[in-house]
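*Asks:* The following comprises the amino acid sequence and a computationally predicted model.
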Amino acid sequence: MTAQEVRLCGLVLQEHFGEVVEKVGRNLLKSGTQNLRAIVHETGLSVDLVKKSLCVLMQHGACSFIQGRKGPGSPTEYKAHCDRMLRILRYPRYIYTAKTLYGDTGELIIEELLQRGHMTMSNTVKTVADRLTQSMDGDMDYGEVSTTFSKLVETHFLQRCPPAAGAGTTGSSQTANSTSAAPASSTAPTPESFPDCYRVPQVTLIGRSKRPLASEEGEDQRNAKKAKMDPETHGDEGIYWQVNFERFHQHFRDQTIISAVANKLDQTSSEIVRTMLRMSEVTTSSTAPCTKPLSANEIFRSLPATYNIPRHILDQYLTLLVDDPVDGVCGEGVRVIYLNQALANLARATLESIVQERFGSRSARIFRLLLRKRHLEQKQVEDFAMIPAKEAKDMLYTLLSQNLVQLQEIPKTPDFAPSRTFYLYTVNQLPTARLLLQNCYKTVANLMERRLFEAKESKRLLEKSQRIEAILASLQASGAEPEQLTEVEEMITAPEKQQLDSLRLHVNKLDSAENQVDETIFLLESYISSSTKPTS
Amino acid sequence: MAGRGRGRRPFGTDSSISRGEGLPPGLQQPTPVFPVMEQKPLPLAGGEEAEYLLALKQDFRGVMKNLPFFIKPAAAQRDVQRYSDKYHSSEQTNSLTDWNLEPSCLHVSGFQTGDDSPESCRSTSGGESEKKEEHEQSSEEEEGGVKKKPEEEEGAEAEEEYDEEELEEETDYIMSYFDNGEEFGGDSDDNMDEAIY
């Protein structure tokens, strides 16, 4: 938990859950595992508020609890998950991906689940159907939404929440991922593995969602009655679903590899790679270093029908992909994509482009040289990069001071006499990636703070414009004349309008920049986690 | 670490100052907050996808602010007890999460929320018998809590009145002795038979 991560998590929690949850979350991140009393004492909040915040954090999976470590009588302890909180930055991307894959219904399902943390299937279906009904004419059938839900579960984008274990740690979702999507296994779920993870329960949810009544009182009464009465059970109580982030990450990774191949080679080869990745989507776990071996025959059969390439051309493409070091397709007879290697290559490209944008193209040339040649002396750097000595020295020292390049000393004599020691410049990809990842976290935190600052500066103006919009909306709803509308609109003066416009522009730019930095964060995070895993 | 051995170079041989040159001029003021960049950054990626992602992000933030998950610290006491207070819908705390998934020490019954946030009634999760019991328990305690609240407000009001008196007292006269004519004509509206002098 680095300082930058904690700061960023704090800002994210504050924006989405309020200051109380932010305080509690920050405290948990800084001090590790703690029990309730300690949290209350350190944050200085009331017990109720702390309890509520912990519930909110657990609902969204950012916090987990362990029954006391010091024996059966000790209190439960709570632990916060930093990486889970940082996922919140990526929510728009998940929703957009669901939209491209499963349409508006899928988009709304994922959005609801991300907002609520976890929900039962029946609740999700009902809420989504209501929302769809509101935005289009005609009623939405529950069945349609249910089928989309089932499709999302089949392709592993949604998974069941692990059932609450009274004792012991709650099972992690990584073990759940390793179970296949075979329906209805007969073994009872043990705490460690959840064979039912992807089984859609039998839900009796027949009907359509109705449009809400026009009169407000009727709905309030009806809903008030509903809350008091026993709500209809749909046969899936206690089974909660959550979004499977690992699967989405797998999808993003595949998309990045495919577009990299498309950029480097051509469309057809990217289609081949897409087919290979799709064939091993569900069967390969997200942490595997390579896809399952596929023979050329299988690839040929699974190619989409629009690509009518004959067999021998496919073989040629495959040999081309083997030679090309971008994605590491390898093997004779059977083809395998080395995902770890692909990620390493993508991360290396990211690092090179970062250096290029920050320090110029010549420094980037030196950086790329050092990445390929590993260790070089200063003289060799000047020669290979074809840059005059003085400038090369300057650039190297700048990169060294930014910690992007390291110095390795190889002594000739036991005392490290400078005249008798080799000084070699080198770049280590993994530590450099870690450094730049922390920079990215700092960047996003700075962007968020600047955005909050800008909004606070113009708070008065924003409130005024909101009030005027509300007045305008109510006037229009009650059918006012155009003169009244213009009169209300003129309450905002022209310079104020300009100020508002520029404020909106700035806020949008900052938000958009956060999204873009998050793409880099994703790439670097995937690379780091793929190379630090113990290789099995 | 490079210069700790016996063969140490004299101090300052590494820097680019050649012999005989003077020291560089000292800094007169702190370094600028936003130093000039030699390389300008690239413009942001625009396009439909980026704009859609932006809209999604801002919508999501807006929605999260209205959900029951957004916990605000207890709002300050209102100055005057208003008629509309009892018509604000109080938050359903049981809809926050399924209590079966939380450890038992976190079960809170009878939450007293400091402020009121209108909540969509659809967010109640599936009901079970345990939760119904808790709901009844919490509604009972909520009523007790509501009774406590007007008492607190009365206490606050009494304090406020006292403060008002103190504040207005720049003179030595006690304000309540002073009749500012508000009550004139108030009593006589009931019985119109009597003559008004």
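*Replies:* Nice, thanks for sending it over.
*Asks:* Then B:Gln28 would be within a strand, right?
*Replies:* No: counting by DSSP: H, G, I helix; E, B strand; the rest coil, B:Gln28 is not found in a strand; it is coil.
*Asks:* Now do it against chain A, distance only.
*Replies:* 24 Å (Cβ to the nearest Cβ, to the nearest Å). Placement of C-beta: from N, CA and C, glycine included.
*Asks:* Read off the pLDDT value for A:Ser193.
*Replies:* Here the pLDDT value assigned to A:Ser193 is 43.
*Asks:* Regarding A:Lys79, what is its secondary structure?
*Replies:* strand.
*Asks:* Just give the nearest non-adjacent residue to it, would you?
*Replies:* A:Thr33 (4.6 Å; Cβ to Cβ, 6 or more residues apart in numbering or on different chains).
*Asks:* wait, what's in contact with that neighbour?
*Replies:* Applying Cβ atoms under 8 Å, 6 or more residues apart in numbering or on different chains to A:Thr33 gives the contacts A:66, A:77-79.
*Asks:* and with 7 Å instead?
*Replies:* Neighbour list for A:Thr33: A:77-79 [criterion: Cβ atoms under 7 Å, 6 or more residues apart in numbering or on different chains].
*Asks:* Among those residues, the buried ones, what's the ChimeraX command?
*Replies:* To isolate the buried ones among these in ChimeraX, judged by 16 or more other Cβ atoms under 10 Å in any protein chain shown, type:
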select /A:77,78
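*Asks:* With pLDDT added, can I get the contacts of A:Thr33 in a markdown table?
*Replies:* Formatted as a markdown table, the contacts of A:Thr33 follow (pLDDT from 0 to 100):
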| residue | pLDDT |
| --- | --- |
| A:Glu77 | 85 |
| A:Tyr78 | 88 |
| A:Lys79 | 88 |
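*Asks:* out of the contacts of A:Thr33, who's nearest chain B?
*Replies:* Using Cβ to the nearest Cβ, A:Tyr78 comes nearest to chain B of those, at 8.8 Å.
*Asks:* Secondary structure element holding the closest residue to the closest one other than its chain neighbours?
*Replies:* Closest residue to A:Tyr78 apart from its sequence neighbours, by Cβ to Cβ, 6+ apart: A:Phe65 at 5.2 Å. Assessed by DSSP states H and E, A:Phe65 sits inside strand A:63-66.
*Asks:* May I have the strands that pair with that strand, each with its orientation?
*Replies:* For strand A:63-66, the paired strands and their directions (DSSP bridges) read strand A:77-80 (antiparallel).
*Asks:* Now do whichever helix or strand comes after the partner strand, average pLDDT.
*Replies:* Following strand A:77-80 in sequence order, the next helix or strand is helix A:82-86 (DSSP H and E). Average pLDDT, helix A:82-86: 91.
*Asks:* for stretch A:8-26, same thing?
*Replies:* Confidence for stretch A:8-26, expressed as mean pLDDT, is 92.
*Asks:* again, but for stretch A:56-64
*Replies:* The model assigns stretch A:56-64 a mean pLDDT of 87.
*Asks:* Can you measure across it, start residue to end residue?
*Replies:* 11 Å (Cα to Cα, to the nearest Å).
*Asks:* repeat for stretch A:300-319
*Replies:* End to end - Cα to Cα - stretch A:300-319 spans 14 Å.
*Asks:* Would you indicate which residues of that stretch are buried?
*Replies:* For stretch A:300-319, burial by neighbour count (16+ other Cβ under 10 Å) applies to A:300, A:303, A:314, A:317-318.
*Asks:* Repeat that for stretch A:457-476.
*Replies:* A:458, A:465, A:471-472.
*Asks:* which phi and psi does the closest residue to chain B within the stretch 251-400 of chain A have?
*Replies:* Nearest to chain B, among the residues of the stretch 251-400 of chain A, is A:Gly360, at 5.7 Å (Cβ to the nearest Cβ). When read as degrees, to the nearest 10, the backbone of A:Gly360 gives phi 100, psi 170.
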